[in-house]
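structure, please.
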Amino acid sequence: MTKQIKGIAASNGVAIAKAYKLEDPDLSFDTRTIDDVQAEKSRLEAAFLESKADLEQIRDKAAASMGEDEAEVFNAHIMVLEDPEFTGGIEQAIDNDKTNAEAAVKQVSDTYITMFESMADTNAYMAERAADIRDVTKRVMSHLLNKTLPNPALINEEVVIVAHDMTPSDTAQLDRKYVKGFITDVGGRTAHAAIMARTLEIPAIVGTENATAEIAEDEVVILDGMDGVLLQNPTDDEIKTYQEKADEYAAKKAEWAKLKDEKTLSADGKHFTLGANIGTPKDLDGVVENGAEGVGLYRTEFLYMDSQELPTEEQQFEAYKAVLEGVGPDENVTVRTMDIGGDKELPYLPLPEEENPFLGYRAIRISLDRQDIFRTQLRALIRASAFGNLWIMFPMVATLSEFRQARDLFEEEKAKLVAEGVEVSDNIKLGIMIEIPAAAVLADKFAQEVDFFSIGTNDLIGYSMAADRGNDKISYLYQPYNPSILRLVNYVIKSAHKYGKFAAMCGEMAGDPIAVPILMGMGLDEFSMSATSVLSTRSLMSRLNAADLEGLAEKAIDAETNEDVIALVKAEVPEAE
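Residues are numbered from 1 along each chain as shown. Below is the predicted model of the structure:
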């Protein structure tokens, strides 16, 4: 009898193959008091050197199979092994506690993992740092205990991998020829494994909780990465049905690829802009390959988070210039100024402890307070403006006063650079990210002073519903289609247009096929999303009449519940499913 396992759809596609259980060896150990501290440190050093050699080999394989960008995570792992605080902490534990290396490694790594995971509920970046530490620690432990970690690179037949989790090391060794997809007990759409699955273009389901317990080695499974469902021991008819679904998806991808160099037009000829969200200049390849029309969100905080100190003006200038030069001459790049604080901490920039950091000292609030940091970023941005179409966006703006202060600082730095004889653009746009309900409600006033809005729906929904989307107990309140959210979004768009300003969206909602028809009906100008979602969204929009969707948007705004809106869109726009 066929059984189903449900999880989070992490990467689209369908796979039909035998299950391959990727399980780690037993890395348990006994804590011992040791006499020869130096000998124990030597064991530790050897394990670190062997781990580093492993990671260099895996990194090179990942670079060859997936590209330099995806291999970069292993450089981060190597940096963990070379981090004097991490390694020094372990050596200090051996010294002070006279304990064996295994116990010292676990003690220190658990401290780091706990610290990062305490911030992970609302920040994918911190969850990734915890995953990095866990992955590196497992490798070091395997060498200390003389155990062999599983090697996905040795798989030589078509399989669907079943694992508790897929570490970056695991996914880097996958061969698309044989690994047709994977399913895990844990993880989310923003985990390294999910991102790499999308890069490799293999289907994946994560966060099932029970896949490893329920699925047996070698049993035939069907993995549907589009709906987040896995079928165990399917019938011949089910296999035939899903094979047809796989063929249909492959045909769709081939059709989408034809749209790479096309403008984004609705069926009745209305143009919308489809931008991509990026974190570093390295993400530009995905922008170009997927035919995005510029960058709708450049998250500059990664410049700060991937550094051991504040990035210099020159370092920032080069990064911004690279992105501006990397897009088409007629395409815009919207750069969000430093969004640090709350869920994004910098070890070299200590922030005060707060009862609720997500409602505290963060983003534009830090920038306006620490003007030395902000002015450096503004100078770098203004200098880079000579190389493309630069739009600067200030995050977490709640009041007109905050925007005016930021604008005044921008104007001061621009005037200084002009006085110094530096070439700068005279057409830099200044806008704000609408993610605080107070700013959304006052959008008609902001629209008279800003050049554009970009709606950050991830935080706007969380703040509006007073719900942490990373909290499983209240995850049901993360409702992007709730009429209250739609009313805020519609008001922001209408306020922008009333004063001839541009309205964009850079949250997850922008690439959501249920939300897209509603947003088209509202007249949203730019949809910015993960680069891999661009072509499918362009295809969907090309089949819809924008004029007809105005009525749909009005009905959605007038609905009562999130579920009512979903049912409405599915009934009136079957293409959106």
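
list the buried residues of stretch 402-416.
Buried residues in stretch 402-416, counted by 16 or more other CB atoms under 10 Å: 402-403, 405-407, 409-410, 413-414. The C-beta positions use only the backbone N, C-alpha and C, and glycine is treated the same way.

and that stretch, how far out from the chain's middle?
30 Å (CA atoms, centre = their mean, to the nearest Å).

can you check stretch 325-336 too?
20 Å.

neighbouring contacts of that stretch?
For stretch 325-336, the surrounding residues in contact (CB atoms under 8 Å, 6 or more residues apart in numbering) are 275, 281, 284, 287-288, 293-301, 320, 323-324, 381, 387-395, 429, 431, 433, 452, 454, 504, 506, 528.

about what we covered before: which of the buried residues of stretch 402-416 fall within helices?
402-403, 405-407, 409-410, 413-414 (DSSP state H).

columns pLDDT and distance to residue 164 on top of those residues, output as TSV?
Output for those, formatted as TSV (pLDDT from 0 to 100; distance: CB to CB, whole Å):
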residue	pLDDT	distance to residue 164
402	98	45
403	98	47
405	98	49
406	98	45
407	98	50
409	98	49
410	98	48
413	98	50
414	98	52
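
now for these, which pair is the farthest apart?
402 and 414 (18.8 Å; CB to CB).

okay, residue 418: pLDDT?
With respect to pLDDT, residue 418 scores 97.

which residue comes closest to it once chain neighbours are left out?
Counting by CB to CB, 6 or more residues apart in numbering, residue 418 lies nearest to residue 424, which is 6.3 Å off, once chain neighbours are set aside.

my read: the one you found touches residue 382, true?
Yes: using CB atoms under 8 Å as the test, residue 424 is close enough to residue 382 to be in contact (5.2 Å).

now for the two: what residues contact both?
414, 417.

point out where the stretch 401-550 of the chain drops to low pLDDT.
Across the stretch 401-550 of the chain, the ranges flagged by pLDDT under 70 are 469-472, 475.

and if we set it to 80?
Counting by pLDDT under 80, the stretch 401-550 of the chain shows low-confidence ranges at 468-475, 508.

what are the ranges of the helices in it?
437-441, 443-446, 457-465, 483-498, 515-522, 534-542, 546-557 (DSSP state H, counting those that start in this stretch).

can you lay out those as CSV showing distance to residue 171 and mean neighbour count?
Shown next, in CSV, are the helices of the stretch 401-550 of the chain (distance: least, CB to CB, whole Å; neighbours: other CB atoms under 10 Å):
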stretch, distance to residue 171, mean neighbour count
helix 437-441, 38, 18
helix 443-446, 42, 19
helix 457-465, 25, 21
helix 483-498, 34, 20
helix 515-522, 29, 26
helix 534-542, 23, 21
helix 546-557, 38, 18
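
mind checking which of those is nearest residue 359?
helix 457-465 (8.5 Å).

and the angle from the closest one to helix 515-522?
Interaxial angle, helix 457-465 versus helix 515-522 (axes from the mean of the first three to the mean of the last three CA atoms, to 10 degrees): 80 degrees.

residues touching helix 457-465, excluding its own?
122, 434-437, 440, 467-469, 477-480, 482, 484-485, 488-489, 505, 507-510.
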